[in-house]
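Trainee: this is a predicted model, with the sequence first.
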Amino acid sequence: MPKLRALLPLVLGLSLSFTAASAPAHAEDDDGVPYWVSLRKQPANLRVGPGREYRISWVYVRQGLPMRVLRVMGGWRLVEDPDGARGWMLAQFLTRTHTGMVKGGEAAIRESKDGSGKLLWRAAPGVVAKIDDCEDGWCKADIDGRKGFIEAEKVWGAGAP
């Protein structure tokens, strides 16, 4: 029995050091958020909590749909969709490919990055584009291989997350 009492401080010390060592890992999970992602796989379940035991609140079936990651917890991401719905999704369903969705009315796709140049075509609300190089209010857009520039304020997912 005296040997067990002698080990008690050691066991408590190790226990506290493991607890302290694991605390920063959770804090580091949220480094770099928010950031943009898009749906990699379909269907993808949005859950009310970060675990498979939580209820599914929405099932997404549109690959490439833009999402904003608000929080990271292990393999789970708290995401927000273009309609403002929030929930938890497994990271395996997401990719860092940056996409955006046309919001409001039609958006002009222009030839030049400053919005000048010829009108190439118009994108309807809900159209999803791969976007890149958003600066001075315009983003480089690729919609199914057709490329041009779109006004950033017309795209959910453009600019800073």
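Mentor: Great, that's in hand.

Trainee: show me the contacts for the closest residue to Trp76 other than its chain neighbours.
Mentor: Nearest residue to Trp76, sequence neighbours excluded (Cβ to Cβ, 6 or more residues apart in numbering): Pro50, at 3.7 Å. Glycine gets a C-beta too; all of them are placed from N, C-alpha and C. Contacts of Pro50 were listed using Cβ atoms under 8 Å, 6 or more residues apart in numbering, and they are Met73, Gly74, Trp76, Leu78, Trp88.

Trainee: ok, now Arg68?
Mentor: Pro34, Tyr35, Trp36, Val37, Val79, Glu80, Gly157, Pro161.

Trainee: and the fifth one, how many neighbours?
Mentor: Read it as Val79. 25 (other Cβ atoms under 10 Å).

Trainee: do the one 10 residues further on as well
Mentor: Met89 is flanked by 24 other residues according to other Cβ under 10 Å.

Trainee: wait, a helix at it?
Mentor: No - applying DSSP: H, G, I helix; E, B strand; the rest coil, one finds Met89 to be strand, outside a helix.

Trainee: how about the contacts made by it?
Mentor: Ala44, Asn45, Leu46, Arg47, Met67, Trp76, Arg77, Val79.

Trainee: just the ones in helices from those, please.
Mentor: Secondary structure from DSSP state H places none of the contacts of Met89 in helices.

Trainee: go through those residues and name the one nearest Ala124.
Mentor: Nearest to Ala124 among these is Met67, at 20.6 Å by Cβ to Cβ.

Trainee: right, and the closest one touches Leu78 too?
Mentor: No - under the criterion of Cβ atoms under 8 Å, Met67 makes no contact with Leu78, lying 10.1 Å away.

Trainee: which one's more surrounded, those two?
Mentor: Met67 (27 against 19).

Trainee: with adjacent residues omitted, what lies nearest to that one?
Mentor: Closest to Met67 by Cβ to Cβ, 6+ apart is Val79, at 4.3 Å.

Trainee: who wins on neighbours among the contacts of Met89?
Mentor: Counting neighbours by other Cβ under 10 Å, the top entry in the contacts of Met89 is Met67, with 27 neighbours.

Trainee: quick one, what contacts it?
Mentor: Contacts of Met67 were listed using Cβ under 8 Å, 6+ apart, and they are Trp36, Val37, Ser38, Leu39, Val79, Glu80, Asp81, Met89, Leu94.

Trainee: alpha carbons of the host helix or strand of Lys140, as PDB, please.
Mentor: In this structure, Lys140 is located in strand 138-143 according to DSSP states H and E. Output in PDB follows, covering the C-alpha atoms of strand 138-143 (Å, rounded to 0.1, in the frame of the first residue of the first chain):
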ATOM      1  CA  TRP A 138     -13.400  41.300 -59.900                       C
ATOM      2  CA  CYS A 139     -12.600  37.600 -59.900                       C
ATOM      3  CA  LYS A 140     -11.300  35.300 -62.600                       C
ATOM      4  CA  ALA A 141     -14.000  32.700 -63.200                       C
ATOM      5  CA  ASP A 142     -14.200  29.300 -64.800                       C
ATOM      6  CA  ILE A 143     -17.700  28.000 -65.500                       C
END
